[in-house]
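> let's see this in three dimensions:
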Amino acid sequence: MQKRLTKSDDRVLFGVLGGVAEYFGWDKAWTRIGGAFLILFTNIAGLLLYLVAAIVMPDKNRHDDTPAGEFHHR
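Alright, predicted model coming up:
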């Protein structure tokens, strides 16, 4: 099975940084601290990147292989 970047179920806000930590095998606390640092000190760019990732990243609990936003018509 291929490893996928998904939102974490162990979420603080949207699960983006937790999902990144799980994907790369990093400690979630340090990843969240680093992410918060980037969001705070890159002006609006870090916040926009986080919000885009929150919208685009699929949830972990999806049981099918359908990309987010696509539906099967039966």
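
> center of this protein - which residue?
residue 16 (2.6 Å; Cα atoms, centre = their mean).

> quick one: it and residue 30, what's the gap?
Distance, residue 16 to residue 30, by Cβ to Cβ, to the nearest Å: 15 Å. (C-beta placed from N, C-alpha, C; glycine too.)

> in contact with the residue nearest to the centre of the chain, which residues?
By Cβ atoms under 8 Å, 6 or more residues apart in numbering, the contact set of residue 16 is 7, 35, 50, 53, 54, 57.

> one more time with 10 Å, if that's ok
Taking Cβ atoms under 10 Å, 6 or more residues apart in numbering, we find residue 16 in contact with 5-8, 31-32, 35, 49-57.

> where does residue 36 land on pLDDT?
On pLDDT, residue 36 comes in at 92.

> so how far is residue 61 from it?
In this view, residue 36 and residue 61 are 25 Å apart by Cβ to Cβ.

> quickly find the element holding the closest residue to residue 13 other than its chain neighbours.
Spatial nearest neighbour of residue 13, excluding adjacent residues (Cβ to Cβ, 6 or more residues apart in numbering): residue 54 at 7.8 Å. Using DSSP states H and E, residue 54 sits in helix 44-56.

> cool, residue 26 as well?
Secondary structure from DSSP H and E places residue 26 outside every helix and strand.

> is it true that it touches residue 8?
No: between residue 26 and residue 8 there is no contact under Cβ atoms under 10 Å: 11.6 Å.

> okay, and the common contacts of these two?
17, 20.

> more crowded one of those two?
residue 8 (21 against 14; other Cβ atoms under 10 Å).

> nearest residue to that one in space, please, no chain neighbours.
Going by Cβ to Cβ, 6+ apart, residue 8 has residue 18 as its nearest residue, at 3.0 Å.
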